[in-house]
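[1] Quick check, what structure comes out for this input:
(one chain, ligands or ions: 1)
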Amino acid sequence: MKVMVPVKRVVDHNVKIRVKSDGSGVDLAHVKMAMNPFDEIAVEEAVRLKEAGIATEIVVVSIGPAQAQDVLRSALAIGADRAILVKSDTMPEPLAVAKLLREVAAREGPGLILLGKQAIDDDANQTGQMLSALLGWSQATFASHIAVADGVADVTREVDGGLQLIRVVLPAVISVDLRLNEPRYASLPNIMKAKKKPLEEVDADSLGVDVGPRLTVLTTEEPKVREPGVRLGSAAELVGKLKEAAGIL
Ligand code: AMP
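    Next up, the predicted model:
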């Protein structure tokens with residue numbers, strides 16, 4: 001079974017982001033970029049499926065500018081076999097990403113698509129759900145455990161208040177949650193090997209998908225700076241503050 005893993009290039013999760021002075025968006029100039037952390041978990045899971053003899057080939061796909069090659073090479077170093085870069089100068093919105101991924105899936109014919117539950121830049125949590133609807137495939141979201149056998153996947157999902165176990169028929173789209181696994185570090189020999197693995201480039205325009213934006217960003221703001229806390233001497237002082245300063249009591 002072929003497994004396809006979409007991976008997005010996003011601002012590295014350790015970077016403190018800055019909003020552009022005109023409020024038009026986040027400043028990406030000279031900012032460290034990396035693979036979306038949830039997508040690393042999806043790649044790791046695909047590699048484990050291959051090690052278990054369930055997956056036969058892992059194809060990673062990124063949609064974005066030429067620099068997205070970096071995250072594809074990182075995925076190849078973790079253990080993916082082949083990469084496809086769908087080149088687009090602008091970063092398409094989730095619906096356009098889902099449509100482009102549908103075209104790639106139609107060409108590749110994977111039995112399973114594993115992707116992150118959300119990209120940490122747009123926090124949309126939409127692409128997997130839209131992709132499964134467009135393909136007409138089963139979907140399971142927020143997976144914290146996946147067992148694949150005999151044409152089905154048993155997926156444990158993280159839901160409010162507990163865990164839910166569902167069975168989906170393959171082919172399926174599964175979005176992965178934080179606790180599914182801990183991605184391995186790529187070893188130096190594997191980083192070197194990844195440089196020689198195939199990376200195909202496809203122009204987004206050639207896939208016949210309308211990637212035009214449907215949303216208009218009106219403004220982007222930094223979160224308000226929180227007032228520092230104060231240490232109080234007694235419960236009576238706290239009650240006084242709640243009455244006078246906060247007007248709660
Ligand atoms: P989102 O719906 O934007 O929160 O993204 C959910 C998941 O969709 C991500 O974790 C990725 O696996 C995938 N995805 C989103 N955008 C892209 C992209 N530009 N290229 C490849 N995969 C993407």
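
[2] Read off the pLDDT value for the closest residue to the ligand within the chain.
    Nearest residue of the chain to the ligand (Cβ to the nearest ligand atom) works out as Gly116 at 2.3 Å. (C-beta placed from N, C-alpha, C; glycine too.) Looking at Gly116, its pLDDT is 98.

[3] likewise Lys241?
    pLDDT at Lys241 comes out at 88.

[4] That one against Arg231, yeah?
    No - Lys241 is beyond contact range of Arg231, at 11.5 Å (criterion: Cβ atoms under 8 Å).

[5] residue nearest the centroid of this protein?
    In the chain, the C-alpha nearest the mean C-alpha coordinate belongs to Gly116, at 3.5 Å (Cα atoms, centre = their mean).

[6] Report the spatially nearest residue to that one, omitting neighbours in sequence.
    Nearest residue to Gly116 in three dimensions, chain neighbours excluded: Phe38, at 2.9 Å (Cβ to Cβ, 6 or more residues apart in numbering).

[7] What of Pro65?
    In space, and not counting its chain neighbours, Pro65 is closest to Asp89: 6.1 Å by Cβ to Cβ, 6+ apart.

[8] so how many other residues sit close to the one you found?
    Asp89 has 8 neighbouring residues, counting by other Cβ atoms under 10 Å.

[9] so it makes contact with Ile63?
    No - contact criterion Cβ under 8 Å: Asp89 and Ile63 do not qualify, at 11.2 Å.

[10] partners of the residue of the chain closest to the ligand in the sheet?
    Val176 (DSSP bridges).

[11] Next one: it from Val3, what distance?
    The gap separating Gly116 from Val3 is 14 Å, by Cβ to Cβ, to the nearest Å.

[12] now Gly128
    For Gly128 relative to Val3 (Cβ to Cβ), the value is 14 Å.

[13] ditto for Glu44
    Relative to Val3, Glu44 is positioned 12 Å away (Cβ to Cβ).

[14] how close does Ala245 sit to Thr220?
    32 Å.

[15] the more surrounded of those two?
    Neighbour count, other Cβ under 10 Å: between Ala245 and Thr220, Thr220 has more, with 14 against 9.

[16] more crowded one of Lys241 and Arg231?
    With neighbours defined as other Cβ under 10 Å, Lys241 and Arg231 compare such that Lys241 has more, 14 against 4.

[17] list the contacts for the residue nearest to Lys8 when sequence neighbours are not counted?
    Of all residues not flanking Lys8 in the chain, Asn36 sits nearest, at 4.5 Å (Cβ to Cβ, 6+ apart). Counting by Cβ atoms under 8 Å, 6 or more residues apart in numbering, Asn36 makes contact with Val7, Lys8, Arg9, Val10, Val71, Gly116, Ala119, Ile120, Asp121.

[18] ok, the first one touching Ser62?
    Just to be clear, that refers to Val7. Yes - counting by Cβ under 8 Å, Val7 touches Ser62, with 5.2 Å between them.

[19] what residues are shared contacts of these two?
    With Cβ under 8 Å, 6+ apart, Val7 and Ser62 have common neighbours Val71, Leu72.

[20] Now do the SS call for Ala96.
    helix (DSSP: H, G, I helix; E, B strand; the rest coil).

[21] Contact residues of this structure facing the ligand?
    Counting by Cβ under 6 Å from any ligand atom, the residues of the chain lying close to the ligand are 6-8, 36, 38-39, 61-64, 91, 94, 97, 115-116, 118-119, 122, 124-128.
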